[in-house]
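Novice: Next one to model:
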Amino acid sequence: MDPVANPVPTEESTPIDIHGLHEMTGKSFERLLGTMFSRMGFQATLTPTNDQGADLILVCDGARIAVQAKRWTHDVGNEAVQQLLGGMLYYGCEKGIVLCSGEFTRSAQDLARKHPQLLLWGQGMLQALMRLYLRDVEQPG
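Specialist: Numbers count the residues shown, from 1 in each chain. This next block holds a predicted model:
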């Protein structure tokens, strides 16, 4: 099963409060996502602070996937998608995911639809993945 194309969890568990993520630092959030993606079966690597548009690089079955992570309380717009497209190019990734703790603007969704290998995962997807893969992680803050 391709964990990018089919990430929806099927197991019930106690959710981590997604709103507590806003209390974390950006790097702590990225490390938490790295743990989550590792548990999903990816080799997950954090990028340097000057990340060129990707916070994590995932590798699975030879495929390279760039991830741009946003733990924002407001909607994520075009800029995050543009950053990820640059990160995909910079890190040689054929797929990309913008993952956020909120939602996406219409313009971000429109831009993402132009690239067939670019996914937008918002609050619902992040909450579901956290329930399945991070249920043993204590609430941040």
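Novice: I figured R64 was touching K95, is that so?
Specialist: Yes - the pair R64 and K95 qualifies as a contact (C-beta atoms under 8 Å) at a distance of 7.4 Å. Every C-beta, even on glycine, is put in place using the N, C-alpha and C of the backbone.
Novice: which of the residues in stretch 122-131 are buried?
Specialist: For stretch 122-131, the neighbour count (16 or more other C-beta atoms under 10 Å) marks G122, Q123, M125, L126, Q127, A128, L129, M130, R131 as buried.
Novice: now, among these, which is nearest to L58?
Specialist: Proximity of those to L58 (C-beta to C-beta) peaks at L129, which lies at 13.0 Å.
Novice: Need the phi and psi values for the closest one.
Specialist: According to degrees, to the nearest 10, the main-chain angles of L129 amount to phi -70, psi -40.
Novice: quick one: low-confidence ranges for the protein?
Specialist: By pLDDT under 70, the weakly predicted segments of the chain are 1-17, 139-141.
Novice: if we can go back for a sec, between the buried residues of stretch 122-131, which sits nearest M40?
Specialist: Distances from M40 to these, taken as C-beta to C-beta, are shortest for L129 (7.5 Å).
Novice: Show me the strands in this protein, by range?
Specialist: Assigned by DSSP state E, the strands in the chain fall at 43-46, 56-60, 63-70, 95-100, 118-121.
Novice: Kindly reformat those strands as JSON lines containing distance to G87 and mean neighbour count.
Specialist: Compiled in JSON lines, these are given as follows (distance: least, C-beta to C-beta, whole Å; neighbours: other C-beta atoms under 10 Å):
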{"stretch": "strand 43-46", "distance to G87": "13", "mean neighbour count": "16"}
{"stretch": "strand 56-60", "distance to G87": "9", "mean neighbour count": "21"}
{"stretch": "strand 63-70", "distance to G87": "4", "mean neighbour count": "23"}
{"stretch": "strand 95-100", "distance to G87": "7", "mean neighbour count": "24"}
{"stretch": "strand 118-121", "distance to G87": "11", "mean neighbour count": "20"}
